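Novice: Below: sequence and its predicted model.
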There are 2 protein chains.
Amino acid sequence: MKRPPKAPSITVSDVARQAKVSKATAARVLGGYGRVSKTVRAAVLEAAKALDYRPNELARSMTTGRSGSIGVVVGDIENPFFSLAVRGISDAARLSGINVILANSGEQVEAEKSAIRVLMAKQVDGLIVTPAQSGEIAHLVEVAQSGCPLALLDRALPDLDVDTVTVDDRDAALRATRILTRAGHTRIGYLTAAELSGDFCGNESRINTSSVRERILGFLDACREAGIEGAERNIHFGAGRSDRSPAVTHALLDHPERPTAILASDSVVALEVFKAIRECGLRIPQDISLITFHDADWTSVTTPPITVVDQPVYALGKCVAELLVRRLKGDDRPPERIVMPTTIIERMSVGQSPDILQQAVP
Amino acid sequence: MKRPPKAPSITVSDVARQAKVSKATAARVLGGYGRVSKTVRAAVLEAAKALDYRPNELARSMTTGRSGSIGVVVGDIENPFFSLAVRGISDAARLSGINVILANSGEQVEAEKSAIRVLMAKQVDGLIVTPAQSGEIAHLVEVAQSGCPLALLDRALPDLDVDTVTVDDRDAALRATRILTRAGHTRIGYLTAAELSGDFCGNESRINTSSVRERILGFLDACREAGIEGAERNIHFGAGRSDRSPAVTHALLDHPERPTAILASDSVVALEVFKAIRECGLRIPQDISLITFHDADWTSVTTPPITVVDQPVYALGKCVAELLVRRLKGDDRPPERIVMPTTIIERMSVGQSPDILQQAVP
DNA sequence: TTTGGTTATGAGACCGGTCTCAAATAGGAT
DNA sequence: ATCCTATTTGAGACCGGTCTCATAACCAAA
């Protein structure tokens, strides 16, 4: 494989020669460290301009040990939740003169591992990860132990004590579900994109992705509070963008005992559900109510507009990035776990349970 | 600023010492080049495993001159168009073992320039750019001349002869507009997020971002074909996510001579328009028709669902990335300009022009 | 055994920066 | 003029890899 004819780049030595000073001196002015006399500085600068010198960041990182960039591993950039969070991260990073290397895990641990390996090899100064599955966190523990600052976004890991920024998932789910229970719903389905190996069986300790677990806990809290039995059976995993997801959703809706309300864990799932509801000829909110996490742009323009749990997504990203930046500036206070508040934006997708109406009529 | 206590990393020399061979030999097996005897290879590998050796990509890039990553500069990752394209790019890149450093320009040339400077300094092997404004392309020309492979995404630059992947914007706009003219519309507004310094005045040579110009050209073609005069006056720039954009849109809709149909240049603009139409109490498609570029997910769930120009966005990204990868593998055939086909997905947002109906009634 | 042609290994230069250390120069005080 | 300290400069090591080149070891043919 031939090297394409790349223009040989100008180095410090070239500039030094041109300015008739030593390499060390030229490096001092170009690198902005040490002390140099005014006259020499001017000469070097002029030579650099004349030669159109551009520093080679790689070489610089090589010696300093810091690369000036952080790695970000998210589940899926296509998900507006992540693209907004990434926006927050890169805005915050840019403010500190740090840039972002992005990697997609596609929510798969293997891809996540590989991405992290690559990023570490590239000597990123820090890492922001949205852990795909929290059963396997050895690779993350390793990162943390290696001394590379690591921060977690949206999903906390109980066993990994690093800077973490999440939202008050449990409380949010609780409040969202309450809206449904107060409207008389007793058959409420909870749909999440998260995958669970094996069966849930109401054993929440099996879910170790915090956001997923917390939400389910909040959901169950509200159900219990409303005296709803066996709510665990209405929790459905793997409702993401996967191939079989539409089928699953349809099956759920076609069931005679179908839920009268659905809580969706993210806007992608919700969109899927929304479409499925339409295709089944059901009406929102008369036949079925819908609430989703994430105030995605489309949720306000549907008919009816959807009630959502509004997470401060951009702030979430901005916040982790700031935490991480602080960390790699040398801050070494104990890891922080920041939980951001959510609000519920009530729109028109929640109605009285048809069960209640039915009972009232006869 | 202290260096955080980073674990000193294992180097080739360490492994060599452990395996009792020379640094050169260890490097050969670890780097996978040159010839090494089986026994020695095994010994080195074992030592590497024992020491948990991880190569330092930076150092490797330093000597090889290639960093194994490409830079991508897009206008705004939040825009689903770009996040999908980026997905295509990173999927294609990953297939070639190349990773992606992402930068947001926010559609601003200065940010774009700075991002490119940083990426070049980081020695990216190639660059994919969605040029924010094509008036200023000096920095891009410079990149191309420096021998760094450059590819353009979605927006061609007439004066920059590099690999470019776009869609058949002119034709797409022509066909979309035709749908409107055939429905009897004569006052058709075209809204684009692109900014234009100064007035348009029907002088399309002033627009040098190809996608914007081509679409406008297609729009005007269709208008001319339908015998519509002064269509130029209905082209509105700067309808993006800017602060004043809602105001602009409302002003447009409140005007007595308001358009009876609107063609939006991207889904973000379209969403803005959709909301504004609602807020003005107008109905789609009875009062006003709407077509937009990009089949964003929400366009199919609104009431009514929106007719869209479906661009192969993912493929677009995949394609540029492949082109670029080919280039940095040494391919040096002349730059290619690929134009991908679009299709129009007709949904329910286009109706007969109310003007026609009005004429018919009395 | 000698010769010749691989094949395996080691020594060390190199990439383009940073940074230590010592020498050189400058300026001020005596 | 002399001595002392402070500043400016240069020489060269170093980071962690790659890669050239020379030497060493090997095996087979003569």
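Specialist: Structure's in. What do you need?

Novice: What ranges does chain A have for its strands?
Specialist: A:69-74, A:99-104, A:126-129, A:150-153, A:163-167, A:188-191, A:235-236, A:261-264, A:289-293, A:307-310, A:337-340, A:343-345 (DSSP state E).

Novice: most packed of these?
Specialist: Ranked by mean neighbour count, the strands of chain A are led by strand A:261-264 with a mean of 30 (mean count of other CB atoms under 10 Å in any protein chain shown). Backbone N, C-alpha and C define where each C-beta goes, glycine included.

Novice: and that one with chain B, contact?
Specialist: No. Applying CB under 8 Å from any CB of the partner chain, one finds that strand A:261-264 is not in contact with chain B, the shortest distance being 13.4 Å.

Novice: Now do the contacts for A:Ser353.
Specialist: A:Ala183, A:Gly184, A:His185, A:Thr186, A:Thr260, A:Ala261, A:Ser289 (CB atoms under 8 Å, 6 or more residues apart in numbering or on different chains).

Novice: Check what pLDDT A:Ile356 gets.
Specialist: At A:Ile356, the model reports a pLDDT of 66.

Novice: for A:Gly202, that is, sorry about that
Specialist: Model confidence at A:Gly202, given as pLDDT, is 69.

Novice: ok and the residue in the stretch 151-300 of chain A nearest DNA strand C?
Specialist: A:Ala151 (25.2 Å; CB to the nearest atom of the strand).

Novice: what pLDDT does that residue get?
Specialist: The model's pLDDT for A:Ala151 equals 97.

Novice: ok, what's across the strand from it?
Specialist: Beta bridges link A:Ala151 to A:Ile128, A:Asp163 when assigned by DSSP bridges.

Novice: thinking it is in contact with A:Thr130, fair?
Specialist: No. A:Ala151 lies out of contact with A:Thr130 (CB atoms under 8 Å); the separation is 10.3 Å.

Novice: What about the closest residue to A:Arg327 other than its chain neighbours, how many residues nearby?
Specialist: Spatially, and ignoring its direct neighbours in sequence, A:Arg327 is nearest to A:Pro149 (4.1 Å; CB to CB, 6 or more residues apart in numbering or on different chains). Neighbourhood size, A:Pro149 [other CB atoms under 10 Å in any protein chain shown]: 26.

Novice: So which bits of stretch A:234-251 are buried?
Specialist: Buried positions in stretch A:234-251, judged by neighbour count with 16 or more other CB atoms under 10 Å in any protein chain shown: A:Asn234, A:Ile235, A:His236, A:Phe237, A:Ala239, A:Gly240, A:Arg241, A:Ser245, A:Pro246, A:Val248, A:Thr249.

Novice: Between all of the residues you listed, which two are separated the most?
Specialist: A:Asn234 and A:Arg241 (21.4 Å; CB to CB).

Novice: Which residues are in contact with the residue in chain A that chain B sits nearest to?
Specialist: Closest contact between chain A and chain B, by CB to the nearest CB, is at A:Trp298 (3.0 Å). Residues counted as contacts of A:Trp298 (CB under 8 Å, 6+ apart) are A:Ser267, A:Leu271, B:Leu271, B:Ala296, B:Asp297, B:Trp298, B:Val301, B:Thr302.

Novice: Rebuild those as JSON lines, extending it with pLDDT.
Specialist: What follows is the contacts of A:Trp298, written out as JSON lines (pLDDT from 0 to 100):
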{"residue": "A:Ser267", "pLDDT": "93"}
{"residue": "A:Leu271", "pLDDT": "93"}
{"residue": "B:Leu271", "pLDDT": "93"}
{"residue": "B:Ala296", "pLDDT": "94"}
{"residue": "B:Asp297", "pLDDT": "90"}
{"residue": "B:Trp298", "pLDDT": "92"}
{"residue": "B:Val301", "pLDDT": "91"}
{"residue": "B:Thr302", "pLDDT": "92"}
